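Enquirer: need a 3D model of the following:
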Amino acid sequence: MLEAATQKGGEALRDWHAVVIGGGMINGISEQNVWPRERMDELMKGEQDLTTRWRQMLVQASEMADNEKDPTGTRYDALRVIPTAGRNARGGQLTKYLQKGVHDELQGGSIRSLGDADAPACAGPLVRGTGERVRGATIGVTVGSSGPGRHSTS
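Expert: From the prediction side, this is the model:
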């Protein structure tokens, strides 16, 4: 699936790529209580072409997430991909979607993505999220086991 869902050399990231990878693969990996970055690294080990395409996709997913011309649902899925770029990568991009007035779906994508980032620094923005609604939505992400989406806040 990963091979088919990553664009070939130089192709632009399309909506369906973001949906399959972010909404399908990354979400599914996270739901299994596995860090998405670690699992994606396992899947691409020794696959230089696929790794190169993945890195290209990460850049384009970051751009897609911020592109207001793209559908909100696709932007959500693009946000879900961002934590696989590495520890603390693009954390500022994710936290800006926690702000008051941001579309609910994009806030949700940010919350889930910050929870999927295997980086303790990502727990703080989840706990401090602006507004009662964001804080309430992050309770399930910040409290519980130490797997994806469940950073320890102690």
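Enquirer: count of neighbours near residue 39?
Expert: Per other CB atoms under 10 Å, the neighbour tally for residue 39 reads 18. All C-beta spots, glycine's among them, are computed from the backbone N, C-alpha and C.
Enquirer: need the helices for this structure, in chain order.
Expert: 2-5, 15-18, 27-31, 36-44, 48-66, 72-81, 91-95, 104-116, 123-128, 131-142 (DSSP state H).
Enquirer: redo the ones you listed as a markdown table? Include mean pLDDT.
Expert: Output for those, formatted as a markdown table (pLDDT from 0 to 100):
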| stretch | mean pLDDT |
| --- | --- |
| helix 2-5 | 78 |
| helix 15-18 | 91 |
| helix 27-31 | 91 |
| helix 36-44 | 91 |
| helix 48-66 | 92 |
| helix 72-81 | 94 |
| helix 91-95 | 79 |
| helix 104-116 | 88 |
| helix 123-128 | 64 |
| helix 131-142 | 50 |
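Enquirer: ok, residue 18 to residue 33 distance?
Expert: 23 Å (CB to CB, to the nearest Å).
Enquirer: between these two, which is the more surrounded one?
Expert: Neighbours per residue, other CB under 10 Å: of residue 18 and residue 33, the larger number sits with residue 18, 29 against 13.
Enquirer: who's in contact with the more buried one?
Expert: Neighbouring residues of residue 18 by CB atoms under 8 Å, 6 or more residues apart in numbering: 61, 64, 74, 77-78, 81.
Enquirer: using CSV, lay out the residues you listed together with distance to residue 38 and neighbour count.
Expert: Formatted as CSV, the contacts of residue 18 follow (distance: CB to CB, whole Å; neighbours: other CB atoms under 10 Å):
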residue, distance to residue 38, neighbour count
61, 18, 25
64, 23, 24
74, 25, 22
77, 20, 28
78, 20, 31
81, 15, 29
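Enquirer: what's the closest non-adjacent residue to the spatially most central residue of the chain?
Expert: Computing the C-alpha centroid of the chain and ranking residues by CA atoms, centre = their mean puts residue 80 first, at 2.4 Å. Using CB to CB, 6 or more residues apart in numbering and skipping residues adjacent in sequence, the residue nearest residue 80 is residue 22, 3.6 Å away.
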